[in-house]
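*Asks:* build me a model from this:
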Amino acid sequence: MHFILIIGVLLAVIFGPSWWVRRVMARYSEPADRYPGTGGELVNHLARQLKIPDLGVERTEQGDHYDPEAKVVRLTDDKYDGRSLTAITVAAHEVGHALQDREGYKPLRWRSSLVRATHRLERLGAWMMVGAPVLGLVTRAPHLSLLAILGGVLSIGSSIPVHLVTLPTEFDASFKRALPIMRERILNPVDQPHAKRILTAAALTYVAASLMALLNFARWAALLRRF
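*Replies:* Numbering: from 1, shown residues only. The predicted structure follows:
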């Protein structure tokens, strides 16, 4: 009974934020014509107003994000073309990242560097995990296979620092940058508490991703202990 309760709590902690994020985003996607401009138009408008002349905006199928290397906000179609409270709030959040970039916000720079490094490590780790049994058979040295698996598990865990840096970056973009801008320039007064809820949801997207990364690392680490 205790085991079932623990599993239930873990599932709620890990998947609860993702469920809540989807619910909030969907709720404020209606009415679809809440504001006169689209999310894509808002990015261009704020780029002019906030004097970020090199900021661009593009469509994407990879999820809403800001690319600090290309200096581009990328929005999914529903945000790029959308006029809902969700669309303009998410667009403003991504412009918050552009402001961080312009001002040299260190956690954003750290995250960009860590993402590049961990991407390579994760690819290497995946090959090590796949090749570990073959290495053991070819060399007939089980300890080499175990070392390869250990290296693979550690490379999987390398994403955890990225998530730890991401959390303060997201909250700063939401509440220290996007929300004040929206209150001053965009929002209907009645929408202010709702926009804050959407920005909280945007930040919690990365909380959920962090929890999943920790769970994945713990799962592989537990498997390694059996060897």
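*Asks:* CA atoms for contacts and neighbours, from now on please.
*Replies:* Noted.
*Asks:* could you report the distance from Val190 to Pro31?
*Replies:* Remark: distance between Val190 and Pro31 (Cα to Cα, to the nearest Å) = 14 Å.
*Asks:* now tell me which helix or strand of this structure has the poorest mean pLDDT.
*Replies:* helix 142-157 (a mean of 56; mean pLDDT, DSSP states H and E).
*Asks:* pLDDT below threshold where in this structure?
*Replies:* Judged by pLDDT under 70, the chain has its weakly predicted residues at 1-17, 117-163, 206-227.
*Asks:* the more surrounded of Val190 and Pro31?
*Replies:* Set side by side, Val190 and Pro31 show unequal neighbour counts under other Cα atoms under 10 Å, the larger going to Pro31 at 12 against 8.
*Asks:* can you tell me which residues contact the more buried one?
*Replies:* In this structure, Pro31 makes contact with Ser84, judged by Cα atoms under 8 Å, 6 or more residues apart in numbering.
*Asks:* isn't there a helix covering it?
*Replies:* No. Under DSSP: H, G, I helix; E, B strand; the rest coil, Pro31 sits outside any helix and is assigned coil.
*Asks:* how near is it to Leu99?
*Replies:* Following Cα to Cα, the distance that separates Pro31 from Leu99 is 29 Å.
*Asks:* likewise for Arg111?
*Replies:* Between Arg111 and Leu99 the distance is 15 Å, computed by Cα to Cα.
*Asks:* what does Phe171 give?
*Replies:* 13 Å.
*Asks:* the strand or helix carrying Asn44 - contacts with which helices or strands?
*Replies:* For Asn44, the host element (DSSP states H and E) is helix 39-49. Counting contacts by 3 or more Cα pairs under 8 Å, 6 or more residues apart in numbering; DSSP states H and E, the secondary-structure elements packed against helix 39-49 are strand 56-59, strand 72-75, helix 77-80, helix 85-103.
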